[in-house]
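# Return atomic coordinates for the entry below.
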Amino acid sequence: MITRRASEDRGHGRHGWLDSRHTFSFARYYDPHHTGFRDLLVINEDRVQPSRGFGAHSHDNMEILSYVLEGALEHRDSLGTGSIIRPGDVQRMTAGTGVTHSEFNPSTTEPVHFLQIWITPDTENLAPSYEQRTLPPAELSGSLRRVASKDGRDGAVTIHQDVEVFASRLDAGTIIVHKLAAGRHAWVQIVEGQLDVNGLHLSSGDGAAISDESELRLDAKTGTHFLLFDLA
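Numbering: from 1, shown residues only. Reported below is the predicted structural model:
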């Protein structure tokens with residue numbers, strides 16, 4: 001069973017300096033039919049204007065991934081971490097017992113466009129931690145590149161949950177297949193392009209919840225960039 005979550009049906013917040021699209025309920029946006037999927041709680045597509053950003057704020061008991069699509073995002077936190085996240089980077093922050101951080105667009109001329117992803121951890125009150133990896137573009141081309149997983153294999157960031165996150169860029173006409181183990185579920189999120197998933201057509205900004213499927217046939221109709229979440 002595959003259920004499309006249309007891009008235009010997402011929650012939408014405009015705050016002058018921030019344009020945010022919410023796949024699932026978030027902040028003032030609440031949709032009782034879209035409060036997350038399995039352990040995937042948040043996918044926000046954010047665009048932040050130059051020299052603006054999210055001031056210091058706190059989180060706890062959450063695994064937070066940031067995936068930059070365009071521009072740059074400056075991260076600072078109460079662990080003493082300071083970094084710049086750029087396209088091709090994936091960042092993981094374990095909020096655990098509590099962490100304060102800020103996210104800022106350091107450019108004075110260019111906006112930053114990124115995905116913010118929250119996953120519920122399998123254990124509460126972990127020690128807060130931070131991790132960042134750079135993914136060579138060639139590793140995403142024509143394949144599913146593991147970018148986050150519980151065991152951190154293949155150079156992925158480590159998340160404290162039974163979830164695997166893959167990123168991919170497919171040329172038009174490319175077809176790849178992802179096997180789902182018995183009892184597993186998936187979410188596909190289209191960053192850009194057009195992709196058929198087992199015959200269901202998805203376009204930029206669309207997502208799809210997937211259950212009771214043994215494999216996913218991913219058929220790129222145009223050049224396509226997407227994320228795939230393999231979930232318990």
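# Each with direction, which strands does the helix or strand of the chain with the lowest mean pLDDT pair with?
Every helix and strand of the chain was ranked by mean pLDDT, DSSP states H and E. The lowest is strand 53-59, at a mean of 89. On the basis of DSSP bridges, the sheet neighbours of strand 53-59 come out as strand 99-104 (antiparallel).
# just how off-centre is the partner strand within its chain?
In terms of CA atoms, centre = their mean, to the nearest Å, the centre of strand 99-104 is found 18 Å from the chain centre.
# tell me how far the helix or strand following the least confident helix or strand of the chain is from the chain's mean position?
Following strand 53-59 in sequence order, the next helix or strand is strand 63-70 (DSSP states H and E). Centroid separation for strand 63-70 versus its chain: 6 Å, with CA atoms, centre = their mean.
# packing partners for strand 63-70?
Secondary-structure packing of strand 63-70 (3 or more CB pairs under 8 Å, 6 or more residues apart in numbering; DSSP states H and E): strand 89-94, strand 112-119. C-beta: built from backbone N, CA, C; applies to glycine.
# buried sites along that strand?
Under the neighbour-count criterion of 16 or more other CB atoms under 10 Å, strand 63-70 has Glu63, Ile64, Leu65, Ser66, Tyr67, Val68, Leu69 buried.
# does the nearest residue to Leu200 once chain neighbours are set aside have beta-bridge partners, and which?
Nearest residue to Leu200, sequence neighbours excluded (CB to CB, 6 or more residues apart in numbering): Ile2, at 5.0 Å. On the basis of DSSP bridges, Ile2 is bridged to Ile210.
# which stretches of the protein have low pLDDT?
Within the chain, no stretch has pLDDT under 70.
# List the contacts of the most centrally placed residue in the chain.
The chain has Ile117 as the residue nearest its centroid, 4.4 Å off, counting by CA atoms, centre = their mean. Going by CB atoms under 8 Å, 6 or more residues apart in numbering, Ile117 touches Leu40, Val42, Ile43, Asn44, Ile64, Leu65, Ser66, Tyr67, Val165.
# Redo those residues as a markdown table? Include distance to His34.
Shown next, in a markdown table, are the contacts of Ile117 (distance: CB to CB, whole Å):
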| residue | distance to His34 |
| --- | --- |
| Leu40 | 11 |
| Val42 | 11 |
| Ile43 | 10 |
| Asn44 | 13 |
| Ile64 | 19 |
| Leu65 | 19 |
| Ser66 | 21 |
| Tyr67 | 20 |
| Val165 | 19 |
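# And these, which is closest to Thr123?
Minimum distance to Thr123 across the contacts of Ile117 is 15.4 Å, recorded for Ile64 (CB to CB).
# give me every residue that touches the closest one.
By CB under 8 Å, 6+ apart, the neighbours of Ile64 are Arg92, Met93, Thr94, Ala95, Gln116, Ile117, Trp118, Ile119.
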